[in-house]
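Student: okay, structure incoming, though there's no sequence with it:
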């Protein structure tokens with residue numbers, strides 16, 4: 001399962017956000033059933049970021065959101081957001 005989250009960061013706080021995200025990514029990656037995460041900055045609008053997290057399942061992501069790890073994640077990331085992230089989940093890639 002792939003979590004896709006669009007993060008809208010307060011303009012002018014991008015560098016601060018990126019520094020905080022560097023400490024936040026290891027938190028989410030330490031969650032049970034997380035298989036890695038990455039953040040990419042949008043080219044057209046440098047205040048928009050894309051968070052991609054590979055989870056075993058949507059349930060695993062929801063368990064993370066109910067854990068103390070999520071509180072740590074939120075403390076490091078959410079102060080920078082203009083609005084709540086838009087989050088969705090994608091199934092495994094289509095077969096060729």
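Tutor: Good, I have the coordinates. Small disclaimer: the values here were computed from a predicted structure and weren't measured. Numbering: from 1, shown residues only.

Student: just the strands in the protein please.
Tutor: For the chain, the strands defined by DSSP state E occupy 2-8, 34-41, 48-55, 86-90.

Student: need those in TSV (columns: distance to residue 19).
Tutor: Where you see a C-beta, it was placed from the backbone N, CA and C, and this is true even at glycine. Output for the strands of the chain, formatted as TSV (distance: least, CB to CB, whole Å):
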stretch	distance to residue 19
strand 2-8	15
strand 34-41	12
strand 48-55	13
strand 86-90	23
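
Student: among those, which is nearest residue 61?
Tutor: Closest approach to residue 61 among the strands of the chain (CB to CB): strand 48-55, 4.6 Å.

Student: ok, that closest one: who's next to it in the sheet?
Tutor: strand 2-8 (antiparallel), strand 34-41 (antiparallel) (DSSP bridges).

Student: between the ones you listed, which gets nearest to residue 21?
Tutor: strand 34-41 (5.6 Å).

Student: what does that closest one contact?
Tutor: 7, 14, 18, 21, 25, 28-29, 48-56, 60, 64 (CB atoms under 8 Å, 6 or more residues apart in numbering).
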